[in-house]
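Participant: give the three-dimensional model of this entry:
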Amino acid sequence: QVQLAESGGGSVQAGGSLRLSCTASGRTFSRNLMAWFRQAPGKEREFVAAISWSRSSTYYADSVKGRFTISKDNAKNTVYLQMNSLKPEDTAVYYCATGGRYGTPYWRAPDGYDAWGQGTLVTVSS
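Facilitator: The predicted model follows:
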């Protein structure tokens, strides 16, 4: 089993920045994608970004492209989400997840992932 632990959420004004971290422990080998999802109040959980453990390929939702950057430190089993130029609509609980595989039907959907962190709240005020 894989355990994921997020950190780094908080409150920030519009235009500001935050960096989220997600550290994986347990059986982390052969995990293809590590992803970030978010869920705003009353909305479905949505894909934000993903990175391949082995190839460092990165993928982004259109809504965050150019503002968010996903990166990783393999030695620390940690994935980061640098969020710049934050907007009030970025307010959500952010979750990291793993188990997804690029190219499969649900790799950009929650159903494509089998391990999740507890979530960290990001609040952006206008």
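Participant: any idea how far the regular element (helix or strand) spanning Phe37 is from the chain center?
Facilitator: Using DSSP states H and E, Phe37 sits within strand 33-39. Chain-centre distance of strand 33-39: 3 Å, with CA atoms, centre = their mean, to the nearest Å.
Participant: how many neighbours does the residue lying closest to Leu33 once chain neighbours are set aside have?
Facilitator: Among residues not flanking Leu33 along the chain, Gly100 sits closest, at 4.0 Å (CB to CB, 6 or more residues apart in numbering). For every residue, glycine as well, the C-beta is placed using N, CA and C. Using other CB atoms under 10 Å, Gly100 has 25 neighbouring residues.
Participant: quick one, what contacts Gly100?
Facilitator: Shown in contact with Gly100 (CB atoms under 8 Å, 6 or more residues apart in numbering): 32-33, 35, 50, 106-107, 112-113.
Participant: relative to Arg67, how far out is it?
Facilitator: From Gly100 across to Arg67, the span is 22 Å (CB to CB, to the nearest Å).
Participant: okay, and the beta partners of the residue positioned nearest the centre of the chain?
Facilitator: The residue lying closest to the centre of the chain (CA atoms, centre = their mean) is Trp36, at 1.7 Å. Taking DSSP bridges as the rule, Trp36 bridges to Ala49, Cys96.
Participant: what residues are up against the nearest residue to Thr69 once chain neighbours are set aside?
Facilitator: Take Thr69 and drop its neighbours on the chain: the residue closest to it by CB to CB, 6+ apart is Gln82, 4.4 Å away. By CB under 8 Å, 6+ apart, the contact list for Gln82 reads 17, 19, 68-71.
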